[in-house]
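Q: sequence first, then the predicted structure:
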Amino acid sequence: SNNTAFVQRTVIVEDKVPPVINIIGNQIIEINQFEDYVDAGAEAIDNYDGTVSVTTNGSVDTSLVGQYEIEYQAQDSSGNISNVVRLVTINGLDLQPPSMVMSGDASIVIEINTEFSDPGVTATDDVDGDLIVQINSSLDTAVTGTYTILYSAEDSAGNISYIERYVTVQEAISESITWD
């Protein structure tokens, strides 16, 4: 009894795992309008095939403000597909200088040896909001003359505004009283 039986079994190994895409650099990028942008690309590794090619779809126009998507896609030999997106935001250029508002008069007269109380200046920017005002002055209330106080404000884009106030320091004015 040499009974021999053969059984044939077919084993199908099926790969259902898509490649893993790694974006080179940051996945979210912000740059200013008209700056150069070169996409760094992406790489993909598959659990069965190893390194697989990545296709890129999308472009960035740095002359137009807005958000752009660069899509990366990889497919392995089993047909598994993966996608990853890089988001690139183009910010508009801030070319507008800050707006400055002077409190009080642009020309003020005070008497010698009296204290000068600066009414102040405020500065606001359409992008940065309220700004710190810098004051440059050589005002000497002990010496007669006309002095310039220079106020300036700079926004984060480097736009600068200036405004001036003139303070005249003069001798005390004597009042004459006449009696009838």
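A: Yep, that arrived.
Q: can you give me the strands for this protein?
A: 20-23, 28-32, 42-46, 50-52, 54-57, 66-75, 81-91, 99-102, 107-111, 121-125, 129-131, 134-137, 145-154, 160-170 (DSSP state E).
Q: for residue 13, which of these is the nearest?
A: Nearest to residue 13, of all the strands of the chain, is strand 42-46, at 14.3 Å by Cβ to Cβ. For every residue, glycine as well, the C-beta is placed using N, CA and C.
Q: neighbours around residue 128, how many?
A: 16 (other Cβ atoms under 10 Å).
Q: show me the contact partners of the lowest-mean-pLDDT helix or strand in the chain.
A: Least confident element among the helices and strands of the chain, by mean pLDDT, DSSP states H and E: strand 28-32 (a mean of 93). The contact list for strand 28-32, computed with Cβ atoms under 8 Å, 6 or more residues apart in numbering, reads 37, 62, 86-93.
Q: just stretch 44-55 next, same as before
A: Counting by Cβ under 8 Å, 6+ apart, residues outside stretch 44-55 touching it are 15, 17-22, 41-43, 72-78, 80, 82.
Q: where does this structure have low pLDDT?
A: Low-confidence segments of the chain, defined by pLDDT under 70, span residues 1, 174-180.
Q: again, only using 90
A: Within the chain, the stretches with pLDDT under 90 are 1-15, 32-35, 63, 91-95, 126-128, 156-157, 172-180.
Q: burial count for the closest residue to residue 95 other than its chain neighbours?
A: Excluding the flanking residues, the one nearest residue 95 by Cβ to Cβ, 6 or more residues apart in numbering is residue 159, at 6.9 Å. Using other Cβ under 10 Å, residue 159 has 17 neighbouring residues.
Q: surely residue 159 is in contact with residue 100?
A: No. Using Cβ atoms under 8 Å, residue 159 makes no contact with residue 100, being 11.8 Å away.
Q: for residue 49, give its distance to residue 79.
A: 11 Å (Cβ to Cβ, to the nearest Å).
Q: the two: which has the busier surroundings?
A: Neighbour totals were compared for residue 49 and residue 79, and residue 49 leads with 16 against 9 (other Cβ under 10 Å).
Q: the residue nearest to residue 95: what's it in contact with?
A: For residue 159, the contacting residues are 94-98, 125, by Cβ under 8 Å, 6+ apart.
Q: need these in a markdown table (columns: distance to residue 151 and neighbour count).
A: Listed next are those as a markdown table, based on distance: Cβ to Cβ, whole Å; neighbours: other Cβ atoms under 10 Å:
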| residue | distance to residue 151 | neighbour count |
| --- | --- | --- |
| 94 | 20 | 17 |
| 95 | 21 | 8 |
| 96 | 18 | 13 |
| 97 | 13 | 18 |
| 98 | 11 | 23 |
| 125 | 15 | 20 |
